[in-house]
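Colleague: Build me a model:
(chains A, B, C and D)
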Protein chains: 2
Amino acid sequence: MKDGPDIAIIAALIGDPARANMLTALMSGKALTVSELAAEAGVTIQTASAHLSKMHEGSLLRPLKQGRHKYFSLANEQVAHVLEGLMGLAAGAGHLRMRTGPRDERLRKARVCYNHLAGEMGTRLFDSLLAQGHLAGTDDALSLTGKGKRFVAEFGIDIERLGKSRAPLCRACLDWSARRPHLGGGLGRAFLARFEELGWAKRDPDSRAIAFSPRGERAFGEVFGDAFGAERS
Amino acid sequence: MKDGPDIAIIAALIGDPARANMLTALMSGKALTVSELAAEAGVTIQTASAHLSKMHEGSLLRPLKQGRHKYFSLANEQVAHVLEGLMGLAAGAGHLRMRTGPRDERLRKARVCYNHLAGEMGTRLFDSLLAQGHLAGTDDALSLTGKGKRFVAEFGIDIERLGKSRAPLCRACLDWSARRPHLGGGLGRAFLARFEELGWAKRDPDSRAIAFSPRGERAFGEVFGDAFGAERS
DNA sequence: TGGATGCTTCGATTAGCATCGAAGCATGAA
DNA sequence: TTCATGCTTCGATGCTAATCGAAGCATCCA
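Modeller: Residues are numbered from 1 along each chain as shown, chains lettered A, B, ... in the order given. A predicted model of the protein is given here:
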């Protein structure tokens, strides 16, 4: 007994409704100010401040001071990963909190998961990259193949710059809605950024939803989506 | 705001010290009775009973009545996965609770993670299977290659019987000590069982530690451990 | 049938912590 | 300097939930 790391401290930190709301909001990948997070959680600024200090103490968040504003973002991808895992458990236990409706639909189709693409479109991207032999390996050990590197470069992503960061380039991230993995890590981030750059997709500023334009979705399908269908037939 | 599943309920469930202790104990993969879990958590049986009902309600545990005993085990592998993730965060934040010493060492070297092998030996097994081309794919999509199937069968594991279960056969599971993936799922379980069968390893009944015999470790090294070393040189 | 064991339910107590008002501190603008 | 904005600290309040004693229920054994 009393083996291993103390889960309780961290889990209790996430387990408060106000803090959980803040963390969920931060899953968008954006850095938010104290007041924004307070509004998001539905508490006053004082309480938000107290919560945020605690989460920083617990290494869940990373603060960034800029003038008189103080921004917070998730400390790292590992945190985001655990949060998605918890969402999966919550969804499985029936603790869905969404108003079912168009909003729910949109989130399931495409949403932001700590700066990369998640939801149905996310898994399509991931499956396609695997099926076409652009990605290989497993989980943490996931990596771009030679063919994959050429493909990515051709798609307009600067791999060289990605490689410099210490964060893992590729990372499989489990989806709470699709229950399948999708692409995280620096590469996942880069893909989403590129989609926005190309005008294929646009983030909803008020939620985690990502809206693909009709043209964007068609283009996406040509490059990624139909790989599976074509191979299956 | 208020998007997605409600993390807070689940996280709060895990976030109580008594409950966290019980969950940690259940990471051994064994099913434990109410009284055993009470002892593990350091609370009376009444409180334990209350906690266990709540965790069952939250779909974290699966109860099993047998006579006048009531056994609990983790509800599924997804739960175990999230718990390991939380341990990773806790370890990263410095919330280690172990008495450093031989016990800590043993756990880092080899331990049980929901019925499969984790720790240093676990990652060695995993790396070896990948390096030798027995496993391919990624994360959830992980699967045995043809070569891998032959190898596993030769090693004395009955794949046919494994295939029948609905649970995923292979699953990458992130390690809190090694910070690397190791093999979970039905296959991971089968490997550990086979190691015990061969007399290579033995579980400590009182903790999550796994003790390899000198002979067992040597044999393990011959089959798995040195694959990397040999390829690197 | 009577007693022992294992678990659950009930009720009362207590402690921890989220919450917010008020005041204080830092930064930026006029 | 003076005012406004954004955040933090302090102190008081109130609520939630963990805890355990006591009693009740189910199962097994003799």
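
Colleague: how about A:Glu160, phi and psi?
Modeller: Phi and psi for A:Glu160, reported as degrees, to the nearest 10, are phi -50, psi -50.

Colleague: How confident was the prediction at it?
Modeller: Note on A:Glu160: pLDDT of 75.

Colleague: same thing with A:Asp175?
Modeller: Per-residue confidence at A:Asp175 stands at 72 (pLDDT).

Colleague: In chain A, where is pLDDT below threshold?
Modeller: A:1-3, A:97-103, A:137-141, A:163-172, A:174, A:178-179, A:225-233 (pLDDT under 70).

Colleague: That one: strands as residue ranges?
Modeller: Along chain A, the stretches classed as strands by DSSP state E are A:32-33, A:61-66, A:69-74, A:111-113, A:116-118, A:135-136, A:143-144, A:171-174, A:181-184, A:201-203, A:210-212.

Colleague: most tightly surrounded among the ones you listed?
Modeller: strand A:116-118 (a mean of 28; mean count of other Cβ atoms under 10 Å in any protein chain shown). The way it works is simple: take the backbone N, C-alpha and C, and place the C-beta from them, glycine included.

Colleague: Tell me how chain A divides into domains.
Modeller: Segmentation of chain A into domains, based on automatic domain parsing, reads A:7-75, A:78-232.

Colleague: would you list these in CSV and tack on distance to B:Thr47?
Modeller: Below are the domains of chain A laid out as CSV (distance: least, Cβ to Cβ, whole Å):
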stretch, distance to B:Thr47
domain A:7-75, 15
domain A:78-232, 22
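
Colleague: Reformat the ones you listed as a markdown table; add distance to DNA strand C.
Modeller: Formatted as a markdown table, those follow (distance: least, Cβ to the nearest atom of the strand, whole Å):
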| stretch | distance to DNA strand C |
| --- | --- |
| domain A:7-75 | 3 |
| domain A:78-232 | 16 |
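
Colleague: circling back to that earlier point, as TSV, the strands of chain A with distance to B:Arg218 would be great.
Modeller: Converted to TSV, those look like this (distance: least, Cβ to Cβ, whole Å):
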stretch	distance to B:Arg218
strand A:32-33	55
strand A:61-66	45
strand A:69-74	44
strand A:111-113	44
strand A:116-118	44
strand A:135-136	32
strand A:143-144	32
strand A:171-174	34
strand A:181-184	36
strand A:201-203	55
strand A:210-212	53
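
Colleague: now stretch A:111-127, how far from the chain's geometric center?
Modeller: In terms of Cα atoms, centre = their mean, to the nearest Å, the gap separating the centre of stretch A:111-127 from the centre of its chain is 8 Å.

Colleague: Now do that stretch: everything it contacts.
Modeller: A:27-29, A:74, A:77, A:80, A:84, A:107-110, A:135, A:172-173, A:175, A:177-178, A:180-185, A:188-189, A:191-192, A:195, A:201, A:203, A:207-210, A:212, A:220, A:224-225, A:227-228 (Cβ atoms under 8 Å, 6 or more residues apart in numbering or on different chains).

Colleague: so how far does it reach from one end to the other?
Modeller: 17 Å (Cα to Cα, to the nearest Å).

Colleague: same check, this time on stretch A:72-83
Modeller: 16 Å.

Colleague: Using TSV, lay out the strands of chain A together with distance to DNA strand D.
Modeller: Shown next, in TSV, are these (distance: least, Cβ to the nearest atom of the strand, whole Å):
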stretch	distance to DNA strand D
strand A:32-33	3
strand A:61-66	7
strand A:69-74	4
strand A:111-113	22
strand A:116-118	26
strand A:135-136	39
strand A:143-144	38
strand A:171-174	27
strand A:181-184	28
strand A:201-203	21
strand A:210-212	26
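
Colleague: B:Lys54: which of the domains of chain A is closest?
Modeller: Closest approach to B:Lys54 among the domains of chain A (Cβ to Cβ): domain A:78-232, 11.6 Å.

Colleague: thinking A:Val152 is in contact with A:Arg161, fair?
Modeller: No - using Cβ atoms under 8 Å, A:Val152 is not in contact with A:Arg161, being 11.9 Å away.

Colleague: Give the other helices and strands that the longest helix anywhere in chain A contacts.
Modeller: The longest helix of chain A (DSSP state H) is helix A:77-92. Contacts defined by 3 or more Cβ pairs under 8 Å, 6 or more residues apart in numbering or on different chains; DSSP states H and E place helix A:77-92 against strand A:171-174, strand A:181-184, helix B:7-14, helix B:77-92.

Colleague: Could you check the angle the longest one makes with strand B:69-74?
Modeller: Right, the one you point to is helix B:77-92. With axes from the mean of the first three to the mean of the last three Cα atoms, to 10 degrees as the basis, helix B:77-92 and strand B:69-74 are set at 70 degrees to each other.

Colleague: Mind listing what's buried along helix B:77-92?
Modeller: In terms of neighbour count (16 or more other Cβ atoms under 10 Å in any protein chain shown), helix B:77-92 has its buried residues at B:77-92.

Colleague: who's in contact with A:Ala219?
Modeller: Shown in contact with A:Ala219 (Cβ under 8 Å, 6+ apart): A:Leu198, A:Trp200.

Colleague: does chain B sit close to stretch A:7-14?
Modeller: Yes - counting by Cβ under 8 Å from any Cβ of the partner chain, chain B has neighbours in stretch A:7-14: A:Ile7, A:Ala8, A:Ile9, A:Ile10, A:Ala11, A:Ala12, A:Leu13, A:Ile14.

Colleague: In JSON lines: the residues you listed, plus neighbour count.
Modeller: Converted to JSON lines, the residues of stretch A:7-14 next to chain B look like this (neighbours: other Cβ atoms under 10 Å in any protein chain shown):
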{"residue": "A:Ile7", "neighbour count": "29"}
{"residue": "A:Ala8", "neighbour count": "23"}
{"residue": "A:Ile9", "neighbour count": "19"}
{"residue": "A:Ile10", "neighbour count": "30"}
{"residue": "A:Ala11", "neighbour count": "27"}
{"residue": "A:Ala12", "neighbour count": "19"}
{"residue": "A:Leu13", "neighbour count": "24"}
{"residue": "A:Ile14", "neighbour count": "26"}
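
Colleague: From the chain's centroid, how far away is stretch A:18-32?
Modeller: Mean-position distance between stretch A:18-32 and its chain equals 11 Å (Cα atoms, centre = their mean).

Colleague: who does the most centrally placed residue in chain A bridge with?
Modeller: Centroid check for chain A by Cα atoms, centre = their mean gives A:Cys113 as the closest residue, at 1.6 Å. Under the criterion DSSP bridges, A:Cys113 forms beta bridges with A:His116.

Colleague: isn't A:His95 right next to B:Ile9, touching?
Modeller: Yes - with contact defined as Cβ under 8 Å, A:His95 reaches B:Ile9; the gap is 5.1 Å.
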